[in-house]
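**Student:** Can you look at this prediction? I've put the sequence above it.
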Amino acid sequence: MPYNYTSFSSDEYDLSKFAGPHAGDKAPDATFTMADGSSRQLLDFDEDFLVIEMGSVTCPLFQSRRKTMAQLSAQFKNVKFVVLYVREAHPGAKIRQHEVMGDKYSSAQKLDDGSGDLREVLVDDIEGHAHKLYGSYPNAVFVVNKNGCVVFTSDWNDANATGRALKLLLAGKPANVRSFFKPALPKVGIATFKRSGKGSALDFFKGLPVLFWQNMIKRNWRVITGKKPRVAPDSFC
């Protein structure tokens with residue numbers, strides 16, 4: 001299947017097993033070419049930790065987390081927050097899937113919508129090489145320490161859990177936090193599909209039964225019954 005799909009299908013994702021790095025793994029690095037032509041290394045940061053969140057304009061989950069993530073970014077001054085702009089989660093007639101980098105830069109600029117979310121946005125390349133290194137999910141989140149080690153991860157970002165994880169890490173404790181899948185806020189989801197355009201909502205609702213079963217039931221049950229990570233904040237990996 002092509003990376004930049006033209007319409008959403010749950011078949012685009014392996015929802016039974018997340019392929020991205022887990023707590024205790026080495027964080028993959030990547031080089032990004034910014035809109036002004038300059039280069040930026042993902043893992044080049046001076047703060048105590050780096051928080052990387054996957055997102056796109058057409059992802060209702062990402063859009064539902066933005067307010068809380070922006071608050072966390074303002075709260076934790078010694079933590080670097082970035083958004084890795086990936087493929088459009090739910091492309092539609094107005095915001096289509098990217099064919100060239102110009103499309104991707106243009107879509108990423110639409111994140112500047114007056115929401116108060118001032119996180120740095122790194123635009124992945126057209127084939128999503130960085131996104132693939134981090135598991136290819138549309139709204140995963142990772143916390144990386146100065147040693148380049150992942151110390152907290154969630155395949156679906158629960159922003160409140162991410163905040164609790166950061167508090168523990170900054171206190172010198174492992175981020176043994178359970179991060180549950182939570183659906184997008186209905187109001188935000190409707191607004192996101194309208195912005196994306198015709199076709200985006202229909203494609204989502206076609207896949208909704210699979211998404212509900214895999215994420216709300218099976219995935220959250222794994223979180224309840226699984227062991228919480230015990231990775232030290234200053235771990236080497």
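**Tutor:** Everything's here; your move. Residues are numbered from 1 along each chain as shown.
**Student:** Residue 103 contacts residue 91, correct?
**Tutor:** No: counting by Cβ atoms under 8 Å, residue 103 does not reach residue 91; the two are 10.4 Å apart. Where you see a C-beta, it was placed from the backbone N, CA and C, and this is true even at glycine.
**Student:** Quick check: bridge partners of residue 85?
**Tutor:** Per DSSP bridges, the residues bridged to residue 85 are residue 55, residue 123.
**Student:** and it, how many neighbours?
**Tutor:** Residues within reach of residue 85, counting by other Cβ atoms under 10 Å, total 25.
**Student:** now do the one 3 residues further on
**Tutor:** Here the neighbour count serves as a burial measure; for residue 88 (other Cβ under 10 Å) it reads 25.
**Student:** so what's it up against?
**Tutor:** Residues in contact with residue 88 (Cβ atoms under 8 Å, 6 or more residues apart in numbering) are 4, 56-59, 95-98, 107, 196.
**Student:** returning to what we had before: in terms of neighbours, single out the busier of residue 103 and residue 91.
**Tutor:** Legend: neighbour count by other Cβ under 10 Å for residue 103 and residue 91, higher for residue 91 (25 against 16).
**Student:** any idea how far the residue lying closest to the more buried one once chain neighbours are set aside is from residue 83?
**Tutor:** Distances taken as Cβ to Cβ, 6 or more residues apart in numbering place residue 97 nearest to residue 91, at 4.3 Å, with adjacent residues excluded. According to Cβ to Cβ, to the nearest Å, residue 97 stands 18 Å off from residue 83.
**Student:** Give me the contacts around stretch 167-175.
**Tutor:** With contact meaning Cβ under 8 Å, 6+ apart, stretch 167-175 is reached by 23, 48-49, 76, 78-79, 143, 145, 151-152, 164-166, 176-177, 229-233.
**Student:** From those, list the buried ones, please.
**Tutor:** Neighbour counting over these (16 or more other Cβ atoms under 10 Å) leaves 23, 48-49, 76, 79, 143, 145, 151-152, 164-166, 177, 229, 231, 233 as the buried ones.
**Student:** returning to what we had before: among the contacts of stretch 167-175, which lie within helices?
**Tutor:** 164-166 (DSSP state H).
**Student:** give me every residue that touches residue 20.
**Tutor:** Residue 20 neighbours (Cβ under 8 Å, 6+ apart): 133-137, 140, 142, 153, 155.
**Student:** Can you tell me the SS state at it?
**Tutor:** Counting by DSSP: H, G, I helix; E, B strand; the rest coil, the backbone at residue 20 sits in coil.
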